[in-house]
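J.: Sequence and predicted model, in that order:
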Amino acid sequence: MKRFLIIKLIAVNLIVVGFAVVVVWLAIDTLAAGYFVTLMEKYHISPEPAHAMFVDSIHRYLIWAFAGAIFLAVVLSYVMNRRILGPLTRMTTVTGEIAAGEFSARVPVATADEVGRLARAFNRMAGNLEKIEHLRRSLMIDVAHELRTPLTNIRGYLEALNDGVLPPAPETLSLLQDETLRLVQLVEDVLALARADAAGSQLQLTAVDLKAMVENIVATFTPALTNKSLTVSLHAFASLPIIQADRDRLARVLRNLTDNAIQYAPQETIVDITIGDDTGTLKIDFSNVAGDVLPEDLPYLFERFYRGEKSRSRHHGGAGIGLSIVKELVEAHGGKVHADLRDGTIHIGFSLPLAEDTKAGQS
């Protein structure tokens, strides 16, 4: 009995029925029977035989009513409780399947009551677990894939040096150093992505002048801009509002976007940066000549380790994590990222919501 909830619920109903019958039984024996005797004496009728017949009849009817009530209580309780507990039983089964690694299992939702809402919430939780598991597996595969190439190169060079096939020349050591730095950068990127995933509950919000921050960050990329003969054109609306954001994490977002634009912009072209107030949000947009970026690449630019066959090839450097970090940090601030391709120009950026007091001040 301790293991099955339906037995407990039926037992509760039987206890209620039994209590009601006992109360009625005692009430008849103490009140109705006494009233019957008084009534018989009022009309000068001997109450003894009639009283005994009356009490026996009432007791007999109560016993039959009790039996019928127990039967109905058991049947109706079983049927109703099965309907109520059915989703919970299926939920228990699905929980076991999820615990065994079958994250696609779901609970059927047949009602709109509390049990139905619980089933829908359970399915949302299962969906999130499935998504997290998919991301975990994809991340492990992608990291292993990214690590394999530089490790294979390092192993090949070391074997060649050990066998005497290659001399320990500065050029060989420089190649080994480049591959090692590539590994270090990949590890740093993965660590930064993990930190970005957990950024939502750790934001230190302060007042930020976005235009000034962009100008300072672009200045740090002056050598890279010079090497590719790129020109940066910054367009900012007048009297931009001050936003509330985590300064360090927002700086990481802007650095990644600036670095992405510089890496994939063709030489001797212009990188346009536009900052403006767009219907209650502050929007920033980095645009440059698209090069080999295709329209089918756009939905995946912010995916982890994604690089298109042409535009995101390895000779540009990086592991395809930079824009994923941007997406995680922007969404941690309650903002949204965007990527568009218009007239041969790619636009990548984000928008952040303005504080309510800022909106009120503008209106």
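T.: The structure has been received and is ready for your questions. Everything numeric in this text was worked out from a predicted model, so none of it was measured.
J.: Give me the domain ranges for the chain.
T.: Listed by automatic domain parsing, the domain ranges of the chain are 5-102, 117-195, 204-362.
J.: mind checking how far residue 119 is from residue 229?
T.: Using CB to CB, to the nearest Å, residue 119 is found at 61 Å from residue 229. (Each C-beta comes from the backbone N, C-alpha and C, glycine too.)
J.: So between those two, which is more surrounded?
T.: Just comparing residue 119 and residue 229: by other CB atoms under 10 Å the higher neighbour count belongs to residue 119, 21 against 10.
J.: Could I get the average pLDDT for whichever strand or helix holds that one?
T.: Assigned by DSSP states H and E, residue 119 belongs to helix 114-163. Per-residue pLDDT over helix 114-163 has a mean of 80.
J.: Residue 11: neighbouring residues, count only.
T.: By the criterion of other CB under 10 Å, residue 11 has 12 neighbours.
J.: Tell me which helix or strand it sits in.
T.: Using DSSP H and E, residue 11 falls within helix 5-27.
J.: Report the buried residues of the helix or strand in which residue 216 is found.
T.: If you go by DSSP H and E, residue 216 is part of helix 210-220. The neighbour-count check on helix 210-220 (16 or more other CB atoms under 10 Å) flags 210-211, 213-214, 217-218 as buried.
J.: what separates the residue nearest to the spatial centre of the chain from residue 119, distance-wise?
T.: Nearest to the mean C-alpha position of the chain, by CA atoms, centre = their mean, lies residue 128 at 5.3 Å. Distance, residue 128 to residue 119, using CB to CB: 15 Å.
J.: With residue 344 instead?
T.: Using CB to CB, residue 344 is found at 50 Å from residue 119.
J.: Now do the helix holding residue 119: which elements does it pack against?
T.: helix 47-99, helix 170-197 (3 or more CB pairs under 8 Å, 6 or more residues apart in numbering; DSSP states H and E).
J.: average pLDDT for the first one?
T.: If I follow you right, that is helix 47-99. Taken as a whole, helix 47-99 carries a mean pLDDT of 74.
J.: which other helices and strands contact that helix?
T.: Here helix 47-99 touches helix 5-27, helix 33-42, helix 114-163, going by 3+ CB pairs under 8 Å, 6+ apart.
J.: what's the angle from the longest one to helix 170-197?
T.: In other words, helix 114-163. Orientation note: helix 114-163 sits at an angle of 170 degrees relative to helix 170-197 (axes from the mean of the first three to the mean of the last three CA atoms, to 10 degrees).
J.: let's number from 36 now, not from 1
T.: I'll keep to 36 as the first residue from here, and by that count the last item is helix 149-198.
J.: what inclination does helix 149-198 have with respect to helix 82-134?
T.: Using the same axes, to 10 degrees, helix 149-198 lies at 20 degrees relative to helix 82-134.
J.: Report the distance from helix 149-198 to the chain centre.
T.: Distance, stretch centre to chain centre, for helix 149-198: 17 Å (CA atoms, centre = their mean, to the nearest Å).
J.: confidence score at residue 266?
T.: Looking at residue 266, the pLDDT reads 92.
J.: what's the spacing between it and residue 358?
T.: 23 Å.
J.: Compare these two (neighbour count), which wins?
T.: Comparing residue 266 with residue 358 by other CB under 10 Å, the one with more neighbours is residue 358, at 23 against 12.
J.: so who does the more buried one touch?
T.: 291-292, 295, 336-337, 372, 383 (CB atoms under 8 Å, 6 or more residues apart in numbering).
J.: Helix or strand: which one has it?
T.: Using DSSP H and E, residue 358 maps to helix 357-367.
J.: average pLDDT for that helix?
T.: Averaging pLDDT along helix 357-367 gives 86.
J.: Give me the angle between it and helix 205-232.
T.: 20 degrees.
J.: now helix 357-367, how far from the centre of its chain.
T.: Its chain's C-alpha centre and that of helix 357-367 lie 15 Å apart, by CA atoms, centre = their mean.
J.: thought residue 338 was touching residue 359?
T.: Yes - between residue 338 and residue 359 a contact is recorded at 6.6 Å, counting by CB atoms under 8 Å.
J.: which of these two has more neighbours?
T.: Neighbours per residue (other CB under 10 Å) separate residue 338 from residue 359, with residue 359 holding more: 23 against 16.
J.: I'd say that one and residue 336 touch.
T.: No - the pair residue 359 / residue 336 is not scored as a contact, 9.3 Å apart, by CB under 8 Å.
J.: Residues contacting stretch 315-331, please?
T.: 245, 249, 275-276, 278, 289, 292-293, 295-296, 299-301, 304-312, 343, 345-346, 370, 373, 376, 379-389, 394.
J.: Check stretch 186-204 too.
T.: Contacts of stretch 186-204 (CB under 8 Å, 6+ apart): 207, 210-211, 214-215, 218.
J.: Show me which of those residues is closest to residue 112.
T.: Comparing the contacts of stretch 186-204 against residue 112 with CB to CB places residue 218 closest, at 65.9 Å.
J.: residues touching the closest one, list them.
T.: By CB under 8 Å, 6+ apart, the neighbours of residue 218 are 182, 185-186, 189.
J.: Separate out the buried members of these.
T.: Those of those that meet the buried threshold are 182, 185, 189, by 16+ other CB under 10 Å.
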